[in-house]
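J.: fold the following for me, if possible:
(chains A and B)
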Number of protein chains: 2
Amino acid sequence: MPASKDRYAYLGPAATFTEAAARRLHAVAGAELEPYSTVHAAIDAVRTGDVAGAVVPLENSVEGSVNATLDDLIRGEPVMIVAEHLLPVTFSLMARSGTELTGVRKVVTHPVAEAQCRSWMSKALPDAVTAVTSSTAAAAAAVSARTHDTDGELFDAAIAAPIAAEHYGLDTLADDIGDNKEALTRFVLITQPGRPPRATGSDKTSLVAYIRDDHPGALLEILEQFATRGVNLTRIESRPTGNGMGRYCFVIDAEGHLNDARVGEALMGLRRVCADVRFLGSYARADGVRPPVGRGMTNAEFNDAAVWLDSLRDG
Amino acid sequence: MPASKDRYAYLGPAATFTEAAARRLHAVAGAELEPYSTVHAAIDAVRTGDVAGAVVPLENSVEGSVNATLDDLIRGEPVMIVAEHLLPVTFSLMARSGTELTGVRKVVTHPVAEAQCRSWMSKALPDAVTAVTSSTAAAAAAVSARTHDTDGELFDAAIAAPIAAEHYGLDTLADDIGDNKEALTRFVLITQPGRPPRATGSDKTSLVAYIRDDHPGALLEILEQFATRGVNLTRIESRPTGNGMGRYCFVIDAEGHLNDARVGEALMGLRRVCADVRFLGSYARADGVRPPVGRGMTNAEFNDAAVWLDSLRDG
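T.: Model (predicted):
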């Protein structure tokens, strides 16, 4: 077995979008990839040191966040995001050889894929029933293996990634059946906590802010910590912490790097007003956007202000 | 002539509220006091080193700010406030011996005193005309000296501080004639810039924030810098900077001391988002109020957050 530093986990099975994303991540290129059956298992392999990192889906531009990943990041032992990848998502309908589109009565797929192909399905297969499984690849495998559903019926077709057809020996009945032709899934590479990758000028910082008590204005208080330092957010989502009803946290992606003065000061502000803050990582943005830094918010301006304050205090 | 460190300027003439305030300021006790004819002249004597400090009125609880003082602090060479004093203001109507209240036709006083006695005047002397002069003491002096107004008429009575009657040999016709029995005037002791007096736990910090361009949201941007750090303001007032139409600044009093972490960070924030920030001083509050420091805003919490950020950056 190779050393853990050369092995990476990903959310399996093979031939899913996650494997495709993992193969495109620079940090993972050339390493051994090992599929894990759940997001939690993949991330836990990072925690135990069995693998150097794990590639898991975090967010889907149509369906929103992948809750299993979010909740593991929120509730599990701390880990760190060191890279992200955006993968265009295209779906195919695939079946065993000889199946006609008109003969498809029972379709199986992953819930996210089901949601993303709903419009096409309602037009092309209005009478078909759709069952869900743990991955698009598992759906293709179930069709390939002639698996029966709980009613004892065969699955006629699967909605899956195009490469799954080849992998599982299925015929493609229809290509590119997703409703949103610009659908993207965001994958992240997770490692053990450590010093973040260095700033590139096009960076994102992810964190979890656990609110202190549940009081009106708690979210505004958090947003102010960013706004006052000119730190723009690209995403915010509330999630239960799992520690009891009514206890929420916010998963936040902010523009900029931990080492940027404005981001650092915003994080210190959160640390003071929140019950807890979990830093999830600073890493290069997959979209390569380099947003302009607001007036008064550059590292040089922060430094100038600190020098000025010192001079006032010294008299 | 004594060394400048033992001499203090105040807004004269003698026997005004300003002299009374100066005599109660601990820092000035026992020093030689010298009246100056204008606020600007008194503060300029500080700038040139002729005096160790100057006591001038800054704010009146009825009439608002004393614009001459504000504008000198905003536009003149930088100076620093090192102490404040709140003086209850009571007014008397005084006249030359033999004058009856019913015979008073022409009254003279300072504009602030005129505004503060308007209600009493309209009832007691509805037909009297009121002229204004540079100080309440000057008004008493004008009555005492039988000065004529521009129409060649004598001033019959003056509204002035009670002690002015004795000082100028006048009889008091009516005592405590101010409309607001809780009227206070706030006086400040001004020195050359230097290291501020040390924090007492009941402190105030004054500053001028000069806005950068005149854009919607400029004031909100300034207020956010304080709110985000839990720094409460006790006073804010916009004033023209005198550098052209439409160019404004805000004169601000905030709770806390320059050496408090929350105040320091708010000032650094202002420094970054404003065209300029002039620190006017941190000094003990005259009202002795020790407001509770907001949750997450103590020096210990700021220090904890900085240690935490360092640990994240170090990985």
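J.: check contacts around the nearest residue to A:Thr99 once chain neighbours are set aside.
T.: Of all residues not flanking A:Thr99 in the chain, A:Asp156 sits nearest, at 6.1 Å (CB to CB, 6 or more residues apart in numbering or on different chains). Any C-beta I mention is one placed from the backbone N, CA and C, and that applies to glycine too. When contacts are counted by CB atoms under 8 Å, 6 or more residues apart in numbering or on different chains, A:Asp156 is found next to A:Ala95, A:Thr99, A:Gly103, A:Val104, A:Arg105, A:Lys106, A:Val107, A:Ala128, A:Val143.
J.: check what pLDDT the first one gets.
T.: In other words, A:Ala95. As summarised for this prediction, A:Ala95 has a pLDDT of 97.
J.: how close does the residue nearest to it when sequence neighbours are not counted sit to A:Thr18?
T.: Closest residue to A:Ala95 apart from its sequence neighbours, by CB to CB, 6+ apart: A:Ala157 at 4.0 Å. Separation of A:Ala157 from A:Thr18 (CB to CB, to the nearest Å) stands at 22 Å.
J.: so who does the residue of the stretch 201-315 of chain A found nearest chain B touch?
T.: Sorted by distance to chain B under CB to the nearest CB, the residues of the stretch 201-315 of chain A start with A:Gly315, at 2.6 Å. Listed by CB under 8 Å, 6+ apart, the contact partners of A:Gly315 are B:Pro193, B:Gly194, B:Arg195, B:Pro196.
J.: using TSV, lay out those together with pLDDT and distance to A:Val289.
T.: As requested, the contacts of A:Gly315 are arranged in TSV below (pLDDT from 0 to 100; distance: CB to CB, whole Å):
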residue	pLDDT	distance to A:Val289
B:Pro193	97	44
B:Gly194	96	47
B:Arg195	96	45
B:Pro196	97	44
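J.: ok, of those, which come out buried?
T.: By the neighbour-count criterion of 16 or more other CB atoms under 10 Å in any protein chain shown, the contacts of A:Gly315 include these buried positions: B:Pro196.
J.: keep only those of the contacts of A:Gly315 that are in strands.
T.: Among the contacts of A:Gly315, DSSP state E puts none in strands.
J.: CSV for the contacts of A:Gly315, including distance to B:Ala284?
T.: Listed next are those as CSV, based on distance: CB to CB, whole Å:
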residue, distance to B:Ala284
B:Pro193, 18
B:Gly194, 16
B:Arg195, 15
B:Pro196, 10
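J.: identify, from the contacts of A:Gly315, the entry nearest to A:Glu182.
T.: Comparing those against A:Glu182 with CB to CB picks out B:Pro196 as the nearest, at 57.6 Å.
J.: how about the closest one: what's its closest non-neighbour residue?
T.: Nearest-residue entry for B:Pro196: B:Ser282, 4.2 Å, with adjacent residues in sequence omitted and distances by CB to CB, 6+ apart.
J.: which strand residues bridge the one you found?
T.: In this entry, B:Ser282 is beta-bridged to B:Thr205, by DSSP bridges.
J.: could you tell me which residues of chain A lie near chain B?
T.: For chain A, the residues in contact with chain B under the definition CB under 8 Å from any CB of the partner chain are A:193-196, A:212, A:224-225, A:227-229, A:258-259, A:264-265, A:267-269, A:271-273, A:279, A:295-297, A:301-302, A:304-306, A:308-309, A:312-315.
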